[in-house]
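Chemist: predicted model, plus sequence, below.
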Amino acid sequence: MRADFWRKKRFVKLRGLVRRPLIFFILSLFLLFPSFFLYAQEDNQPCYGDAIIVGSIGEPITLVPILAADSASQDIVGLVFNGLLKYDKDINLVGDLAEDWEVSEDGLVITFYLRKGVKWQDGVPFTAEDVLFTYKKLVDPHTKTPYSGDFERIKKFEVIDDYTIKITYKQPFSPALASWTMPIMPSHLLKNEEDFKHFARHPVGTGPYRFIKWETGSKIVLEAYDEYFQGRPYIDRYIYYIIPDQSTLFLELKNRNLDYISLTPLQYQRQTNTEFFKKNFRKYRYLSFGYTYIGWNLNNPKFKDKRVRQAINYAIDKEEIIKGVLLGLGRVCTGPFVPNSWAYNPAVKPAEYNPEKARQLLALAGWKKKDKEGILLKGNERFEFTLLTNQGNVSRRKCAEIIQQKLREIGIKMHIKIVEWGCLLDLIERREFEAVLLGWGLSRDPDCYDIFHSSKTGPREFNFVSYKNKEVDRLLEEGRRVFSQSKRKEIYQKVHKLIYEDQPYTFLYVPDALPIIDARFRGIEPTINGIGYNFIKWWVPKDKQRFKR
Amino acid sequence: MSRRFILSGSLIIGILIILALFAPLLSPYDPNKIDVENILSPPSKAHILGTDSLGRDLLSRILYGTRVSLKVGVVAVGIALLIGVAIGALAGYCSGRIDALLMRFVDIMLCFPTFFLLLSMVAFLRPTVFNIMLIIGLTSWMGVARIVRAEVLSIKEREFIRYIKAMGAGDMRIVSKHILPNVLPSILVVGILRMGGAILTESALSFLGLGVQPPIPSWGSILMEGKSVMDIAWWMSVFPGIAILLTVLGYNLLAEGIRTLAISRS
């Protein structure tokens, strides 16, 4: 009875509509039109305003661009400063502070034509003087910068006029152009300064955002620079919250107190599939330009022997780590280049998981006997060491736990020590470590001279594991001399193979980058270069803006 | 009432001791066995309490965690009692300058916020189970010292002590044979109460990632891991939480029972 009743009623209703098609059509048009109109406006007309609140587990170490070596520092530096060149969405070099440039036939001379009318955030015009100053600081032995290597190859630095620079290199140097993505610092503010103490916490650049304040351990606030030469960014303020714990970050995001964080694989795969997240956030996933590794202190007698490092490589099951830690969101790393780099050598196959082979190699290296606990012995020394990693990164902690278990199976006792980020960098700088679990974010040029060349083992330099291999040294030098990409590819593929054989690092995985951003932001276009390259073009429709000035 | 407290308290503690002793027999799995195919699987027949974010069996980990917790409770409190009773008895019995000096020292120690004292000590020492016990013991004896001193002060003025003194007994003998046995009920109560506290402290340290280091399972560190996945894996926070709650409750019931019993006797 009841079902019948409903059916009847619906029928009547339908018939009513069919009878008056015109009214129906007009009505629907009327209903649809305003929203259609709204959408059109939203999608095409970016507008100014609002703030983006970014959450990060790391606090910057310094905001001096030529000293900034950690990703947190670089996040902020990248917004406050510009280099002469930058990478576009397809990872091609394009002009930034330089409008144009020329490379001489022999590759020895680069002439940069600087953009005119660019002003520092304090109103002083930007000129060639600033580039000269930055260059001088980079090669000054008193400046403890890890980036000096690229600039020490310059023979002559000439300022032709305020907007033209001619740089002559001692030898052809192929990463030269890429090295000029180095942010430029203001000469007028720093030339009379003894050190960068004040500037490190109160930077002034030419970039899209002006530095406002830095509350240690809490947040950094940046504000759109109205006279930015590429046009004022749409988003008024950039607020960088430092929350050294990934689950707290996630809870803050869930409460909508943060707009932009990096998700952990678990959060990406299992915790953000609800209606709430689909409605309020957008998730992105792309292979990152970086890898996670264990760096061995090669001055430590235990890890000096290549066979020991190879054994450890065989004993660690990378597929298991990717499954367990990344929940499949990443790939096995086979060396210092990632699969989306042109220097990547696909012929280098990752060592299979083979504990038996590991045991044999260890025995060859003299670790034969075992004590009561089942730990390997060489003379009276037990194979025991501490792996350091940074606090707050759940993936790294889990990774360490899996490795700990795998090494225990072949008779190596590994302790895990989780320390605060700044403290970890300090320990590395003083070389007070046996092994570290860390990640490298890579530049787009494959030149990894700073990380693996034997001349780069000094304090604050990047070859902190003290890796020395003559052949790799030679290839790295050659890779810098040759300009043709196909020849460089050959060279770096060799480097890739040699380093994987030597295992100064145990290469673990290339994780996927997993950013999540509040859905109110528009203009985000993921490419192979990630999402950050067009940040100044991100915007929020007026009606969705949450923060007023 | 007090008997019921003692009974239920000792029942809980007794069960925990049995669980801790026979953890290897009772655990269905190796507590450190990683199984990446079974990450965060909910309670099921295969894994009664579910698995953690590396696919390890939660029941096994909690059982092994009992060992850590009980051990920390007993040893840390043992250390605290040793120091606390010695200093308290000395201060109470000698009185005068020694008393003033010792008590000011206790005051100084009490001035430090205990937890921060703990954190800074952990930062210096390697966080092994033994060091954690030592540190907790070294930072929690002050309360014991105060209580013992107060008790000793009141007992030494009693008639029977004067008699013994008049009969020519030495100080050591008086303290160890006549005063301390009378303070024992209070020491027992304080000690048992502290055990709950020590277990909580260890959990708190492990929760902050500064306690017992991986892979040794500790309730606090399981709880910490659970916190980040509370919305998808409730079992990771609920079960270790219950374990901590029950243990502390057991100790407190026992202590309360003994205390009321002692009061009604005297």
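Modeler: Great, that's in hand.

Chemist: which residues does A:Ser174 contact?
Modeler: Neighbour list for A:Ser174: A:Gly107, A:Asp447, A:Gly479, A:Arg480, A:Arg481, A:Val482, A:Phe483, A:Arg488 [criterion: C-beta atoms under 8 Å, 6 or more residues apart in numbering or on different chains]. Using the backbone N, CA and C atoms, a C-beta is placed for each residue, glycine as well.

Chemist: list the contacts of the residue lying closest to it once chain neighbours are set aside.
Modeler: In this structure, A:Ser174 finds its nearest non-sequential neighbour in A:Phe483, 5.0 Å apart by C-beta to C-beta, 6 or more residues apart in numbering or on different chains. Applying C-beta under 8 Å, 6+ apart, we find A:Phe483 in contact with A:Gly107, A:Pro172, A:Ser174.

Chemist: any idea which element A:Phe483 lies in?
Modeler: For A:Phe483, there is no helix or strand it lies in under DSSP states H and E.

Chemist: that older thread, which one among the contacts of A:Phe483 gets closest to A:Ile160?
Modeler: Of all the contacts of A:Phe483, the one sitting nearest A:Ile160 is A:Gly107; the distance, using C-beta to C-beta, is 19.4 Å.

Chemist: does the closest one really touch A:Pro175, like I thought?
Modeler: No - A:Gly107 sits out of contact with A:Pro175 when judged by C-beta atoms under 8 Å, with a separation of 11.5 Å.

Chemist: how far does the helix or strand encompassing B:Ile192 sit from the chain's center?
Modeler: Secondary structure from DSSP H and E places B:Ile192 in helix B:180-207. Counting by C-alpha atoms, centre = their mean, to the nearest Å, helix B:180-207 is centred 5 Å from the centre of its parent chain.

Chemist: got the CA positions of the helix or strand just after it in CSV?
Modeler: Per DSSP H and E, helix B:180-207 leads on to helix B:219-227 as the next helix or strand towards the C-terminus. C-alpha atoms of helix B:219-227 as CSV (Å, rounded to 0.1, in the frame of the first residue of the first chain):
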residue,chain,number,x,y,z
TRP,B,219,54.2,0.9,28.0
GLY,B,220,55.1,4.5,27.8
SER,B,221,56.7,4.2,24.4
ILE,B,222,53.9,2.1,23.0
LEU,B,223,51.5,4.8,24.2
MET,B,224,53.6,7.5,22.5
GLU,B,225,53.4,5.6,19.3
GLY,B,226,49.6,5.1,19.8
LYS,B,227,49.1,8.8,20.2
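
Chemist: what about helix B:219-227 and chain A, touching?
Modeler: Yes - against chain A, helix B:219-227 shows contacts by C-beta under 8 Å from any C-beta of the partner chain at B:Lys227.

Chemist: list the buried residues of that helix.
Modeler: By 16 or more other C-beta atoms under 10 Å in any protein chain shown, the buried positions in helix B:219-227 come out as B:Trp219, B:Gly220, B:Ser221, B:Ile222, B:Leu223, B:Met224, B:Glu225, B:Gly226.

Chemist: so which bits of the stretch 251-400 of chain A are right by chain B?
Modeler: So far as C-beta under 8 Å from any C-beta goes, the stretch 251-400 of chain A lies against chain B at A:Leu266, A:Arg270, A:Gln271, A:Glu320, A:Lys323, A:Gly324, A:Leu327, A:Gln391, A:Val394, A:Arg397, A:Lys398, A:Ala400.

Chemist: next: chain A.
Modeler: So far as C-beta under 8 Å from any C-beta goes, chain A lies against chain B at A:246-247, A:250, A:266, A:270-271, A:320, A:323-324, A:327, A:391, A:394, A:397-398, A:400-402, A:404-405, A:415-418.

Chemist: quick check: closest non-adjacent residue to the residue of the stretch 51-200 of chain A found nearest chain B.
Modeler: Nearest residue of the stretch 51-200 of chain A to chain B: A:Ile57, at 12.4 Å (C-beta to the nearest C-beta). Sequence neighbours aside, A:Gly392 is the residue nearest to A:Ile57 in space, at 4.2 Å (criterion: C-beta to C-beta, 6+ apart).

Chemist: find the nearest non-adjacent residue to the residue of the stretch 151-266 of chain B found nearest chain A, please.
Modeler: Distances between the stretch 151-266 of chain B and chain A by C-beta to the nearest C-beta are smallest at B:Ser228, namely 3.2 Å. Nearest non-adjacent residue to B:Ser228, counting by C-beta to C-beta, 6+ apart: A:Ser247, 3.2 Å away.

Chemist: how about that neighbour, what does it touch?
Modeler: A:Ser247 neighbours (C-beta under 8 Å, 6+ apart): A:Val394, B:Lys227, B:Ser228, B:Val229.

Chemist: my read: the last one touches A:Gln269, true?
Modeler: The reference is to B:Val229. No - with contact defined as C-beta under 8 Å, B:Val229 does not reach A:Gln269; the gap is 11.5 Å.

Chemist: buried among the contacts of A:Ser174? Need that as a selection in PyMOL.
Modeler: Entered in PyMOL, the line below selects the buried ones among those, by 16+ other C-beta under 10 Å:
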select buried, chain A and resi 107+447+479+480+481+482+488
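
Chemist: closest one of the contacts of A:Ser174 to B:Leu153?
Modeler: Once C-beta to C-beta is applied, the member of the contacts of A:Ser174 that ends up nearest B:Leu153 is A:Asp447, at 76.6 Å.

Chemist: neighbouring strands for whatever helix or strand A:Ile416 lives in, and are they parallel or not?
Modeler: Using DSSP H and E, the element containing A:Ile416 is strand A:413-419. Note on strand A:413-419: by DSSP bridges, its sheet partners are strand A:384-390 (parallel).

Chemist: residues contacting the closest residue to A:Asp150 other than its chain neighbours?
Modeler: In this structure, A:Asp150 finds its nearest non-sequential neighbour in A:Ser179, 3.7 Å apart by C-beta to C-beta, 6+ apart. Contact analysis of A:Ser179 by C-beta under 8 Å, 6+ apart lists A:Tyr147, A:Asp150, A:Phe151.

Chemist: just the ones of those residues in helices?
Modeler: A:Asp150, A:Phe151 (DSSP state H).

Chemist: could you turn the buried ones of the contacts of A:Ser179 into a PyMOL selection?
Modeler: Of the contacts of A:Ser179, the buried ones go into a single PyMOL selection, burial set by 16+ other C-beta under 10 Å:
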select buried, chain A and resi 147+150+151
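
Chemist: which of the contacts of A:Ser179 sits closest to A:Leu258?
Modeler: Distances from A:Leu258 to the contacts of A:Ser179, taken by C-beta to C-beta, are shortest for A:Tyr147, at 31.2 Å.

Chemist: tell me the confidence at that closest one?
Modeler: At A:Tyr147, the predicted lDDT confidence score is 86.

Chemist: surely it touches A:Met182?
Modeler: Yes - the pair A:Tyr147 and A:Met182 qualifies as a contact (C-beta under 8 Å) at a distance of 6.4 Å.

Chemist: what is in contact with those two at once?
Modeler: What both A:Tyr147 and A:Met182 touch, as defined by C-beta under 8 Å, 6+ apart, is the set A:Ile66, A:Leu138.
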